[in-house]
Structure formats: C-alpha cells, structure tokens
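> Following is a predicted model, sequence given first.
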Amino acid sequence: AGPRNGTAPTLLTNYLDTQYFGEISIGTPAQTFKVVFDTGSANLWVPSYKCSPLYISHSRYDSSKSRTYIANGTGFAIRYGTGSVKGFLSQDIVMVSVSDIPIIQVFAEATVLPAFPFIFARFDGVLGMGYPSQAIDGITPVFDRILSQQILKEDVFSVYYSRWVLWGGSDPAYYTGDFHYLNVSKSGYWQISMKGVSVGAEMLFCKDGCSAAVDTGASYITGPAGPISVLMKAIGAAEMAEGGYVVDSGDHRDLPPGTSITVCVSSLQQSQYGEDICVVAFSGLDIPPPAGPLWILGASFIGHYYTKFDRRNNRIGFATAR
Ligand SMILES: CC(C)CCNC(=O)[C@@H]1CNC[C@H](CN2CC(=O)N(c3ccccc3Cl)CC2(C)C)C1
C-alpha cells in the first residue's frame, strides 16, 4: 500500500504552544498513542500496561492484546535533559500515519516514568526523529525503518508551523520562496552552526559562531544562561522563580527581525494558576560539554518556518511558511 504520492502527513495537536504531538498506532488491533515527534532523540517509547496505574491519564500498551506482538525484554533506559525513562524492549507493527505506513518496530514499554514532567504531559510517549547514532540500545529509529521501505518520494520529513509532520517531502502550498539550507554541523545530530544572535541590527552573542540544535521536541528557544539573561533585559522581560521569563502581557513585543534568519520570536500566551501571563519563548539552559555549549531552537522557533529535515543531504531547510 504505502502513501499515495510518496508523502503522508501526521497531524499534530498544539497544547498551549508548548507541547506538539500526533497520533500513532501500535499492534493488531491498533492501540493508539499520542507521541511527541522529537528530532532531539531517536527512540520510540510508550507507557507499558505494566506501568503503575498512577498514569491512568495516559494510554498504555498492552502486548497481551496484540496478535503481532513479538517479545524482546532487553532493558531500556533513556536519559533526557529533563529526566529518565526506564522500561524494556518489545516489537510490534507501528503505523505512523493514517495513510498507512506500517513498519515492524522495536520500541520501549516504559515502566518507570518520573512524575514530573510526565503528569503535565498531554502526550503518552515520544517518537524520536533523530539519527541512528543517537538511538539507545542501537535500535533502528522509526524514520530509518520507513526509509528502508523505499516508499517515500524523498528521504526527508517536513514540519509545517508545528501543525503537521509531512513524511517524504515538502508541500509548496504551505511555503513561499526557496528553502535556505544549513548543513548538519555534527553528523548524527540535527545540529547547525549559527552565525550569531542579534537583537535588531546589533549582534549581541555568538559573534564567532556557535552551535544550535533544531529540536522539535523542545518547546522554546534556549541558550546559555548568561547571554539569555542579557537578552531578556534587552527586551524588558522579568525572570520568573522557576527560571523562565515573562513580559507584561500588554506589550506583545516581538523581537525586531534578525539578519540572516529572522528570529522574531513572540511571547507565548500561557494561562498558569488561573491568570494569563506571557511566557517569553526563550529560557536559559547551560548544556555542559561535550554536547554543549549549545543553543536549542525549539518549537517556538521552528513554528515560524516551514522546516525540512533532509536525511539524503544531511541538511535542514527553512522556508517562509505561508
Ligand atoms: C539523545 C537523547 C537520549 C538525549 C538528548 N535528548 C533530549 O534530552 C530531548 C531533546 N529534545 C527535547 C526532549 C524533550 N523531552 C522533555 C521531557 O520532559 N520528556 C520526558 C522526560 C522524562 C519523563 C517524561 C517525559 Cl515526557 C521527554 C521529551 C518530551 C522528549 C528531550
């Protein structure tokens, strides 16, 4: 079967401009899960039916209900920047798009999930869209399994405004002009070299170039804490207790357009504890070497562009979204 013209979309749900997730199914008959499509990791996991029922608000995979389940049992642990997920490996048929792209996939059934941040997660699991070199236990990632089926028009996937992932191509109906391509700067990561960070015409940071991960699984733009705090002062943002920044919801100040790639990131409208506050789409995060120092361009950046992740040419293309 396979996607009609070699491409297929997976629609994403946007929760509070901070969590973007789409639906996949695992097993026969299909068990559906909401997953974050995360270019910053390369494994697929969903909560296991064997997981403590504390997470009843999340869907859990029950292998005993799937005719196509194949046991594996190898231990699994993945350490994200925000916490670890532990479990064991299983194999079953995974469908990533309603227009049927079935693949046989090794994934993890999570049995240990830290309450924070998972209880705030509106999604059930994570589908890593990173390179195989990032995959824990050397498991072939979902996108690589799809590529090896030779059913896609191009060896790429595109993200439009964080509204959907398009497997196998890009759709000119949703962008104008050409793609501005940036080569992947570190093989095995969706990482690029940034020429600088400026507010208006003034280059403030990263004057000699720096690295940035293009990370669909992250909500905001993060940079080293020092430069970020200077940037926040430049836009008159106040620091929150837990490290984020807010600006008066009155002045929705979008940063003045940048130079090569416009980083005009508006503040987010997020209601917390009842009242509405504008959380600026930046936060400070010091990533230690060897991975860091590293800027993270998350959904609040990617959402401004039509972004093409090109595995054929190991490059990322940015076009102006319509
Ligand atoms: C290569 C890999 C092994 C390490 C580096 N990659 C990374 O840390 C990722 C980079 N992209 C963003 C991503 C955000 N994460 C945020 C988050 O809290 N999560 C999470 C963690 C623990 C329990 C439950 C959850 Cl939901 C999982 C989730 C949503 C994926 C992290």
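Nice, I can see it. Not measured: the values here are computed from a predicted model.

> downstream neighbour of the biggest strand by length in the chain in the secondary structure list?
In the chain, assigned by DSSP state E, the strand with the most residues is strand 83-95. Following the chain from strand 83-95 toward its C-terminal end, the next helix or strand by DSSP states H and E is strand 102-112.

> hey, which helix or strand in the protein has the poorest pLDDT?
The helix or strand with the lowest mean pLDDT-type score in the chain, counting by mean pLDDT, DSSP states H and E, is strand 268-272 (a mean of 45).

> what does the stretch 151-300 of the chain have sitting close to the ligand?
Contact residues, the stretch 151-300 of the chain versus the ligand (C-beta under 6 Å from any ligand atom): 215, 217-218. Backbone N, C-alpha and C define where each C-beta goes, glycine included.

> still on that earlier bit, tell me the buried residues in the longest strand of the chain?
Using 16 or more other C-beta atoms under 10 Å as the burial criterion, the residues of strand 83-95 that qualify are 85-95.

> helices or strands next to it in the packing?
Using 3 or more C-beta pairs under 8 Å, 6 or more residues apart in numbering; DSSP states H and E, the elements in contact with strand 83-95 are strand 19-26, strand 44-47, strand 70-80, strand 102-112.

> Let's see that with 7 Å instead.
When contacts are defined as 3 or more C-beta pairs under 7 Å, 6 or more residues apart in numbering; DSSP states H and E, strand 83-95 packs onto strand 19-26, strand 70-80, strand 102-112.

> Save those strands as CSV, and put in distance to S170 too.
Converted to CSV, the helices and strands packed on strand 83-95 look like this (distance: least, C-beta to C-beta, whole Å):
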stretch, distance to S170
strand 19-26, 17
strand 70-80, 28
strand 102-112, 22
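
> if you compare the ones you listed, which one is most tucked away?
Between those, strand 19-26 has the highest mean count of neighbours, a mean of 23, where neighbours are mean count of other C-beta atoms under 10 Å.

> now it and strand 102-112, what's the angle there?
Strand 19-26 and strand 102-112 are oriented at 120 degrees to each other (axes from the mean of the first three to the mean of the last three C-alpha atoms, to 10 degrees).

> Spell out which strands sit alongside strand 19-26 in the sheet and which way each one runs.
If you go by DSSP bridges, strand 19-26 pairs up with strand 8-15 (antiparallel), strand 31-38 (antiparallel), strand 83-95 (antiparallel).

> Please see if that strand touches the ligand.
No - legend: contact between strand 19-26 and the ligand by C-beta under 6 Å from any ligand atom is lacking; minimum distance shown is 7.9 Å.

> quick check, distance from that strand to the centre of its chain.
Relative to the mean C-alpha coordinate of its chain, strand 19-26 is positioned 12 Å out (C-alpha atoms, centre = their mean, to the nearest Å).

> Dump that strand to PDB, restricted to CA.
Written as PDB, here are the backbone C-alpha positions of strand 19-26 (Å, rounded to 0.1, in the frame of the first residue of the first chain):
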ATOM      1  CA  GLN A  19       3.500  20.500  23.600                       C
ATOM      2  CA  TYR A  20       3.000  19.300  20.000                       C
ATOM      3  CA  PHE A  21       2.100  15.700  19.500                       C
ATOM      4  CA  GLY A  22       0.500  13.400  16.800                       C
ATOM      5  CA  GLU A  23      -1.200  10.000  16.900                       C
ATOM      6  CA  ILE A  24       0.400   6.700  16.000                       C
ATOM      7  CA  SER A  25      -0.900   3.200  16.500                       C
ATOM      8  CA  ILE A  26       0.900   0.100  17.700                       C
END
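
> any idea where the helices of this protein begin and end?
Secondary structure of the chain (DSSP state H): helices located at 115-118, 142-147, 225-234, 299-302.

> returning to what we had before: of the buried residues of strand 83-95, which fall within the contact range of the ligand?
Intersecting these with the contacts of the ligand gives V85 (criterion: C-beta under 6 Å from any ligand atom).

> What pLDDT does the model give the one residue in the chain that gets nearest to the ligand?
Distances between the chain and the ligand by C-beta to the nearest ligand atom are smallest at G40, namely 2.5 Å. As predicted, G40 sits at a pLDDT of 97.
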